[in-house]
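> Need coordinates for the following:
(3 chains)
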Amino acid sequence: MAFTQILNDKQNEAVYMTEGPLLILAGAGSGKTRVITNRIAYMIDDGINPYNILAITFTNKAASEMRQRVDDMVGFGSKSIWVSTFHSMCVRILRREIEALDYDSRFTIYDTDDQKTVIKNVVKRMNLDPKFYPEKQILSIISNAKERFVGPEDYKKEAGTSIRDQKIAAIYEAYQEQLKKSNALDFDDLLFKTVELFQFNPDILDRYQERFKYIMVDEYQDTNHIQFLLISQLARKYRNLCVVGDDDQSIYKFRGANIYNILNFEEEYPDAKVIKLEQNYRSTKNILAAANGVIAHNRGRKVKALWADSEEGQKIAFHQYENDHIEAEQTVWQIRKLFQDGYSYRDVAILYRTNAQSRLFEEKLLMANIPYKIVGGLNFYSRKEIKDMISYLKVIDNGSDDLCTRRIINVPKRGIGATSVEKAADFAYGNQMTLMEAFYNVEHIPGISRAAAKIKKFTELIDDFKQEAESGESISTLYQNILEETGYLEELELEGTDEAEARIENLEELKNKIVQYEESAEEPTLSGLLEEIALVADIDTVDDEEDRVLLMTLHSAKGLEFPVVYMAGMEEGIFPSAMAMYSDHPDDDIEEERRLCYVGITRAKKRLFMSAAMQRMTRGNIQANAISRFVKEIPPELMDTAGNAVRRDTVRNTVERPQVKPVFAKPVSRGSKVFSNGGTAYMGSKGAEIKKADHLEYSVGDMVKHIKFGKGEVVDITDKGKDYEVTVDFETHGRRKLFASFAKLKKV
DNA sequence: ATAGCGACGCTTTTT
DNA sequence: GCGTCGCTAT
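Sure thing, here's the model as predicted:
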């Protein structure tokens, strides 16, 4: 085959086996993406209509990359292949078919925040005490049920008989009713409704079975039950199902991923062929050996032996620092050194267990003027101002969304208070109409008099926007008009605070995204834009061309690779998390954490750095954590702890120390008490040394310039021994203390 | 109706 | 340590 890249025997076998069920067990870095793309290319070359191929990936980013690669190889037809995530695929199907389930095809998609609000409203309406029915818990119960394809009626039957259990079942039922009324689907519904659709409409299912004669699913180890059902439905007729995964990389049990989907594939499909890809093309021998050393501590794995032909590479560096600040500072310092040695910033990723850990790294990177990008954490689209504007767009697009109506009715302030809104909501509820419909009938709502005129004005405003949208005005113009005509922008501008300024910047960023969408979409529509916004993950927007350090959780790093990887916070109670250590099934949960560690290690191609802090501030308390067991599971001969006061023998001897249950759940004191997480604290190392400048080109009283903070006056310079600490009064960013060697201040 | 303040809960991980 | 929520005072 002209287009075929050079593949090893196993990879070739996987490429050519296009008929029947096939399980590819692909170890980390074993060239999985290469196999999938080559397989698709081969199928097309072999005469299979690209129209009949469905490939499901984990992220939208992976989907577009795959499409691009197939396109590069085949040159035609890749457009008619369906490459998408589970969720986008379901939306696409439901937009065409959901009327069979008596929904409107213009449904909106609710995110987690929206779900919580609905639950809160439902609980309130049912006169239940929110304290006994916390939305987060209810949400996870509902989500869990939906992932098992258990609807409200079935849940009622399977739930316990206690009052609480029955109430929860009732909340689920009311929640689902509310969503239906708002013509909305939550993330889980996208899958649930698709499976339901196929189950009750064999003719529709048949159409899709005929379409998707060849199905491929990537990251199969992270599929949950309902995804399994969906795939089973589609593949039942032709049985050309190829799943690719690695049981050692299953890290999403918390959202219902069922590792048995992959472990039991051969039982489900007895005629399945199994191909193992065990040669790693990504990492050095040392890194791979470290990964193998860690994962070997798990039981119940498929037998696999990853090996590499690569160079030995450098040892894995481990540092334990005095505290979390020093950890971040030294990591940043090391990255600077790597940069001086010729690495690019984009070669480097800092990985951590929880999003909260990103803050210090961000702070220190900013001080050091190193470009960075944080993936995940507080989502751009969950910021208040962004949600407000999107709510306007949603209400204009589809007025049945009560949540959004509620959100914007008095934003910016129009003098329509909570009491008036509640009266309208009661009226809407009693008359089986949407909140927006109630507003249109405001003269019939009992108890509203003074606010009626204001509500009338609001509905007229929305009508104007609707007309604009229908008149073929571009979405970005509509957006700009909303910002101006509602007075939203003006209100922020008048505030004049830094915070308001940041919000305005975000609103401008949203406009950029809208313009971007209008330029890239074949047929840009308001609904299309809103849909894209709902399903885009943060990782999807990462631009590989940008030269910056990437910061993200270990979960987000799945499927990616970097020349240099830092794994920070390698501490008991952080990683493995305290949640896992003290859960009801600690063995299972620790194994999942260990797989997460395996994922992290195998992201690294050339260099792997690990670090821990002796003391760390968590939720306002200072904790002292022992070094993570995962560090100790790496064979010592692979580790470089030079310059580190931690001795290997000390490290290894602490494995069996009795654990003290930490007081993390309900701290006795809110002060700065030190809680021990078991194990011993060690003398930390100072790590790399900061190069102190011989002299500074500025002195107290001088005006200096900082790349991020702008101009400011030097008010103090202190010799801190290893470096100068410079205090600067910035014109726009206030007084800040900076380290001279990091901040690179320029005299002006 | 709204601004301002204190209490509280939170941190696992995400489509 | 930080953001959200609810209560109170205006």
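
> Relative to residue A:169, how far out is residue A:535?
According to Cβ to Cβ, to the nearest Å, residue A:535 stands 29 Å off from residue A:169. C-beta coordinates here come from the backbone N, C-alpha and C atoms, glycine included.

> what residues are up against the spatially closest residue to residue A:316 that is not a sequence neighbour?
Leaving aside its sequence neighbours, residue A:316 sits nearest to residue A:608 (Cβ to Cβ, 6 or more residues apart in numbering; 4.8 Å). Residues near residue A:608 by Cβ atoms under 8 Å, 6 or more residues apart in numbering: A:287, A:290, A:316-317, A:564-565, A:567, A:601.

> in a helix, that's where residue A:608 is, yeah?
No - Residue A:608 is assigned strand when assessed by DSSP: H, G, I helix; E, B strand; the rest coil, not a helix.

> what would the contacts of residue A:608 look like in JSON lines with distance to residue A:384?
Below are these laid out as JSON lines (distance: Cβ to Cβ, whole Å):
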{"residue": "A:287", "distance to residue A:384": "42"}
{"residue": "A:290", "distance to residue A:384": "43"}
{"residue": "A:316", "distance to residue A:384": "42"}
{"residue": "A:317", "distance to residue A:384": "41"}
{"residue": "A:564", "distance to residue A:384": "36"}
{"residue": "A:565", "distance to residue A:384": "34"}
{"residue": "A:567", "distance to residue A:384": "33"}
{"residue": "A:601", "distance to residue A:384": "38"}
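
> Taking the residues you listed together, which two end up most distant?
A:290 and A:564 (14.7 Å; Cβ to Cβ).

> These two: which has the busier surroundings?
residue A:290 (28 against 22; other Cβ atoms under 10 Å).

> and the more buried one, what helix or strand is that in?
helix A:285-295 (DSSP states H and E).

> quick one: average pLDDT of that helix?
Mean per-residue pLDDT for helix A:285-295: 95.

> for stretch A:146-153, same thing?
If you average the pLDDT over stretch A:146-153, you get 94.

> what's in contact with it?
Applying Cβ under 8 Å, 6+ apart, the set of residues contacting stretch A:146-153 is A:145, A:158, A:169, A:172-173, A:176, A:188-189, A:191-192, A:195-196, A:224-226, A:229, A:255-256.

> Show me what counts as buried in that stretch.
By neighbour count with 16 or more other Cβ atoms under 10 Å, stretch A:146-153 contains the buried residues A:146-150, A:152.

> does DNA strand B sit close to it?
No - judged by Cβ under 7 Å from any atom of the strand, stretch A:146-153 makes no contact with DNA strand B; its nearest approach is 9.3 Å.

> Look at that stretch and report the distance between its end residues.
The straight-line separation of the ends of stretch A:146-153 (Cα to Cα, to the nearest Å) is 12 Å.

> and what of stretch A:554-562?
Stretch A:554-562 has an end-to-end distance of 13 Å (Cα to Cα).

> May I see the buried residues of that stretch?
A:554-560, A:562.

> Farthest pair within those?
Spatial extent of the buried residues of stretch A:554-562 (Cβ to Cβ) is set by the pair A:555 and A:562 at 15.5 Å.

> Show me what from the stretch 351-500 of chain A comes close to DNA strand B.
Contacts of the stretch 351-500 of chain A with DNA strand B, taken as Cβ under 7 Å from any atom of the strand, map to A:353-356, A:376, A:410, A:413-420, A:451.

> Buried only: go through those for me.
Among those, those scoring as buried are A:353, A:355, A:410, A:414, A:416, A:420, A:451 (criterion: 16+ other Cβ under 10 Å).

> sec struct for the third one, please.
Here residue A:410 takes the coil state, with states given by three-state DSSP.

> got the contact list for it?
A:416-417, A:421.

> which residues in the stretch 1-150 of chain A form strands?
Ranges of strands within the stretch 1-150 of chain A are A:22-26, A:53-57, A:82-85, A:108-110, based on DSSP state E, counting those that start in this stretch.

> Of all those, which one comes closest to DNA strand B?
Checking those against DNA strand B by Cβ to the nearest atom of the strand gives strand A:82-85 as the closest, at 4.5 Å.

> What's the local residue count around the residue lying closest to residue A:46 once chain neighbours are set aside?
For residue A:46, the nearest residue in space outside its immediate sequence neighbours is residue A:18; the separation is 7.0 Å by Cβ to Cβ, 6+ apart. Using other Cβ under 10 Å, residue A:18 has 18 neighbouring residues.

> With distance to DNA strand B and secondary structure added, can I get the contacts of residue A:608 in CSV?
Below are the contacts of residue A:608 laid out as CSV (distance: Cβ to the nearest atom of the strand, whole Å; DSSP: H, G, I helix; E, B strand; the rest coil):
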residue, distance to DNA strand B, secondary structure
A:287, 23, helix
A:290, 22, helix
A:316, 23, strand
A:317, 25, strand
A:564, 20, strand
A:565, 16, strand
A:567, 14, strand
A:601, 17, helix
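
> Please report phi then psi for residue A:711.
phi -80, psi 150 (degrees, to the nearest 10).

> Roughly how far does it sit from residue A:367?
17 Å.

> Around DNA strand C, pick out the residues from the stretch 251-400 of chain A.
residue A:384.

> which stretches of the stretch 251-400 of chain A form helices?
Secondary structure of the stretch 251-400 of chain A (DSSP state H, counting those that start in this stretch): helices at A:260-263, A:265-268, A:285-295, A:324-340, A:358-367, A:384-397.

> low-scoring pLDDT stretches of chain A, where are they?
A:1-5, A:642-694, A:707-709, A:720-723, A:732-734, A:737, A:739, A:741-744 (pLDDT under 70).
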